[in-house]
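Undergrad: build me a model:
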Amino acid sequence: MGIGQGSYKLLLEEKKQGRLKGKSLLQLGRQCVLFDFKTLKSLAKKAGVELQEVKEQLSFDDYYRKKGFIDDHTLFRALGFERVASLDYSDFEGADLVYDLNLPIPKEQWGQFDVVYDGGTAEHVFHFPQFLENVHNLLAEDGIVMHVSPSHNHVDHGFYMFSPQVFSEYYTANHYKILTT
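TA: Next up, the predicted model:
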């Protein structure tokens, strides 16, 4: 999973509009950021978004680190999050929380995160209804969930290719406020 400049521009727009807020962010799976610190600052400046001062850390992934790309914590902390955590089914990439999203998340994790960022995990979880319930349970009251998931033409990538409406229809039916589509 990766955050390229297109996904970053979406994050910047949400930040600029005041919708990307809170102190804690959970990313589903570790995100590889596909750009360097200079690009991070340049795109933020163009978008009119002020970044927080952070210590630059390079990617946890060898391939991207060699390219000088920053890590996911640097990105999200620069966007203003004090707590940045990741959840994955294994600790292979250094996830902070290790859970299988096909199963219910333990109640002690409920309501812990102001933002849940799904940068491409949903399609890899076979039990999609349980995945959605887990996302709901992980969110703090008035929390925000962001899905950046493939919708089509990703043959053999995960279990599902989603209809472009699946998330907006699900969240509308469950009385969430839809911020952007």
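
Undergrad: the protein: strands as residue ranges?
TA: Applying DSSP state E to the chain gives strands spanning 2-3, 24-28, 32-33, 83-88, 97-98, 113-118, 139-147.

Undergrad: residues contacting the longest one, please?
TA: The set of residues that contact strand 139-147 without belonging to it, under Cβ atoms under 8 Å, 6 or more residues apart in numbering, is 10-11, 14, 19-22, 24, 111-118, 122, 135, 167, 171, 176, 179. C-beta here means a position set from N, CA and C on the backbone, and glycine is covered the same way.

Undergrad: turn the strands of the chain into CSV, columns for mean pLDDT, distance to residue 41 and mean neighbour count.
TA: Shown next, in CSV, are those (pLDDT from 0 to 100; distance: least, Cβ to Cβ, whole Å; neighbours: other Cβ atoms under 10 Å):
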stretch, mean pLDDT, distance to residue 41, mean neighbour count
strand 2-3, 76, 15, 21
strand 24-28, 96, 20, 25
strand 32-33, 92, 13, 24
strand 83-88, 96, 18, 20
strand 97-98, 97, 30, 14
strand 113-118, 95, 20, 24
strand 139-147, 92, 22, 17
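
Undergrad: which strand residues bridge the residue most central in space within the chain?
TA: Centroid check for the chain by Cα atoms, centre = their mean gives residue 117 as the closest residue, at 2.3 Å. With DSSP bridges applied, residue 117 shows beta-bridge pairing to residue 27, residue 146.

Undergrad: which regions of the chain sit below the pLDDT cut-off?
TA: 1, 150-161, 181 (pLDDT under 70).

Undergrad: now the helices for it?
TA: Here the chain has its helices, by DSSP state H, at 5-16, 37-47, 62-66, 72-78, 128-138, 166-173.

Undergrad: would JSON lines of the strands of the chain with distance to residue 76 be doable?
TA: Output for the strands of the chain, formatted as JSON lines (distance: least, Cβ to Cβ, whole Å):
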{"stretch": "strand 2-3", "distance to residue 76": "9"}
{"stretch": "strand 24-28", "distance to residue 76": "5"}
{"stretch": "strand 32-33", "distance to residue 76": "9"}
{"stretch": "strand 83-88", "distance to residue 76": "4"}
{"stretch": "strand 97-98", "distance to residue 76": "15"}
{"stretch": "strand 113-118", "distance to residue 76": "8"}
{"stretch": "strand 139-147", "distance to residue 76": "11"}
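
Undergrad: determine which of those approaches residue 40 most closely.
TA: strand 32-33 (7.9 Å; Cβ to Cβ).

Undergrad: tell me the helices and strands packed up against that closest one.
TA: If contacts are counted by 3 or more Cβ pairs under 8 Å, 6 or more residues apart in numbering; DSSP states H and E, strand 32-33 sits against strand 2-3, helix 72-78.
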